[in-house]
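[1] sequence and predicted structure are below.
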Amino acid sequence: GQARMNWAAWLQLRGEDPREQVRAAIADFDSARELVPDDFRPWKNRAIAHFNLGVWRMTARLEDPLEDFDTALRDYDEALARNPADADGWRQRGVLRRNWAAFLESRGQDPSVQHSLSVAEFDQSIALDPAGAESVRDRGVSRLHWGLWRLGQGGECRELFDAAIADFEESLRRNGEQPK
């Protein structure tokens, strides 16, 4: 499955349609789920595949990705039920929700619920991996995007911007860099 996902990524970089390879990878992950039903990794890999397919639909084809995002979310539910301590799984789920919010914004819909849920997913990831910088940075990105959306709607955004800046500074510190 992973080799097919790598091939799909290569096709995407070339501007080609990756769907055939992603679908084949999903079939591989389905086979792995049957072989090791209690393992979280086939579910997580399936979630990543559906997420990537949704992002490709949203960006390259300007199509609705929500069916793929919804399937990815259900797969993350299964993966995290099998391994609730997977900090990276929670982080990836937060990235999924942030992209879901971006799609809603592009359609003129309120993304607040998805932004709020993405921040909660990152909070869970940070609780599981307190030293990790990636989830802190990703939470800052979500807060920044949410704040920008609120600003565009004429709403209050200062608290979100302040929290985003604090997240970016903390992420730098965790990476051994000093904020400027």
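    Perfect, I can see it now. Numbers count the residues shown, from 1 in each chain.
[2] test my guess that R46 contacts I26.
    Yes. With contact defined as Cβ atoms under 8 Å, R46 counts as touching I26 (5.8 Å). The C-beta positions use only the backbone N, C-alpha and C, and glycine is treated the same way.
[3] more crowded one of the two?
    It is R46, of R46 and I26, that has more neighbours when counted by other Cβ atoms under 10 Å, with 26 against 20.
[4] so the residue lying closest to V141 once chain neighbours are set aside: helix, strand or coil?
    Spatial nearest neighbour of V141, chain neighbours left out: R98 (6.9 Å); criterion: Cβ to Cβ, 6 or more residues apart in numbering. Recorded secondary structure, R98: helix (DSSP: H, G, I helix; E, B strand; the rest coil).
[5] CA atoms of stretch 41-55 as CSV?
    Taking Å, rounded to 0.1, in the frame of the first residue of the first chain, the C-alpha atoms of stretch 41-55 are listed here in CSV:
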residue,chain,number,x,y,z
ARG,A,41,-1.8,1.0,11.2
PRO,A,42,-4.0,-0.3,8.3
TRP,A,43,-6.8,2.0,9.4
LYS,A,44,-4.5,5.0,9.8
ASN,A,45,-2.9,4.4,6.4
ARG,A,46,-6.4,4.1,4.8
ALA,A,47,-7.3,7.4,6.5
ILE,A,48,-4.2,9.0,5.1
ALA,A,49,-5.0,7.7,1.6
HIS,A,50,-8.6,9.0,1.7
PHE,A,51,-7.4,12.3,3.1
ASN,A,52,-4.8,12.7,0.3
LEU,A,53,-7.5,11.8,-2.3
GLY,A,54,-9.8,14.5,-0.9
VAL,A,55,-7.0,17.1,-0.9
